[in-house]
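S.K.: Fold the following, please.
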Amino acid sequence: MNRKYLLIGACAVATAAAYIFLRPAPVDDVAQSAPAEGNAMVAIQMPPIEGNAAIGQRIFENACAACHGSNAVGIEGAGPPLIHVIYEPSHHADESFQRAVAMGVRSHHWKFGDMPPVEGLTRGDVAMVIDYIREIQRANGIN
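M.R.: So this is what the prediction gives:
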């Protein structure tokens, strides 16, 4: 084979490799930062909330809404929405909510910083909060 073509091929491969390894990281549609503080991050449809989910709603409003917003819609500059495809049961199972409340969680989907543990909630309390969140998720097509 002609050395000229070998050199051209090697340069092409080196250029492609440099592009792949040195290009800027793609923008991740999931990992978002909050642009402005105070506003809800998502619009939702609220279903009727009954039973344990209604108890969970009261617990959520007292223990979680300061960061995650009323009805779990998130608050720009404070905390992410839980009514979001990221938190669908196949990606964040119920136990992940239990562990986040009990032990806190390191920031990994959003740029709000780490979530500290939430004091004073039992596993039963969190189970009712999960019932509440899952009902709203289902009503908004997140299954």
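
S.K.: Contacts only, for Y87.
M.R.: Applying Cβ atoms under 8 Å, 6 or more residues apart in numbering, one finds that Y87 lies in contact with I133, Q137, I142. For glycine as for every other residue, the C-beta is placed from the backbone atoms N, C-alpha and C.

S.K.: What pLDDT does the model give the second one?
M.R.: What that stands for is Q137. Per-residue confidence at Q137 stands at 97 (pLDDT).

S.K.: and it, how many neighbours does it have?
M.R.: 21 (other Cβ atoms under 10 Å).

S.K.: Now do the SS call for it.
M.R.: helix (DSSP: H, G, I helix; E, B strand; the rest coil).

S.K.: Next, find the distance separating it from L82.
M.R.: Distance, Q137 to L82, by Cβ to Cβ, to the nearest Å: 8 Å.

S.K.: next one: the first one
M.R.: Applying Cβ to Cβ, the value for I133 to L82 is 5 Å.

S.K.: Between those two, which contacts overlap?
M.R.: A72.

S.K.: A43 is in contact with N71, isn't it?
M.R.: No. A43 is beyond contact range of N71, at 10.4 Å (criterion: Cβ atoms under 8 Å).

S.K.: neighbour-wise, which of those two wins?
M.R.: N71 (21 against 9).

S.K.: tell me the strands in the protein, going along the chain?
M.R.: Taking DSSP state E, the chain contains no strands at all.

S.K.: can you list the weak-confidence ranges in it?
M.R.: Applying pLDDT under 70 to the chain flags residues 1, 6-7, 9-38.

S.K.: And the helices in it, which stretches?
M.R.: 3-22, 52-63, 65-68, 94-103, 123-139 (DSSP state H).

S.K.: Just name the most buried of those helices.
M.R.: A comparison of the helices of the chain by mean neighbour count, using mean count of other Cβ atoms under 10 Å, puts helix 123-139 on top with a mean of 20.

S.K.: could you check the angle helix 94-103 makes with it?
M.R.: If you take axes from the mean of the first three to the mean of the last three Cα atoms, to 10 degrees, helix 123-139 sits at 130 degrees to helix 94-103.

S.K.: now could you export just the CA positions of helix 123-139 as CSV?
M.R.: C-alpha atoms of helix 123-139 as CSV (Å, rounded to 0.1, in the frame of the first residue of the first chain):
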residue,chain,number,x,y,z
ARG,A,123,-40.7,4.3,57.0
GLY,A,124,-44.5,4.3,57.3
ASP,A,125,-44.7,8.0,56.8
VAL,A,126,-42.5,7.8,53.7
ALA,A,127,-44.6,5.0,52.3
MET,A,128,-47.6,7.2,52.5
VAL,A,129,-45.7,10.1,50.8
ILE,A,130,-44.6,7.6,48.1
ASP,A,131,-48.3,6.6,47.6
TYR,A,132,-49.1,10.3,47.2
ILE,A,133,-46.3,10.9,44.7
ARG,A,134,-47.1,7.8,42.7
GLU,A,135,-50.8,8.8,42.4
ILE,A,136,-49.8,12.2,40.9
GLN,A,137,-47.2,10.5,38.7
ARG,A,138,-49.8,8.1,37.3
ALA,A,139,-52.3,10.9,36.7
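
S.K.: Perfect, I'm done here.
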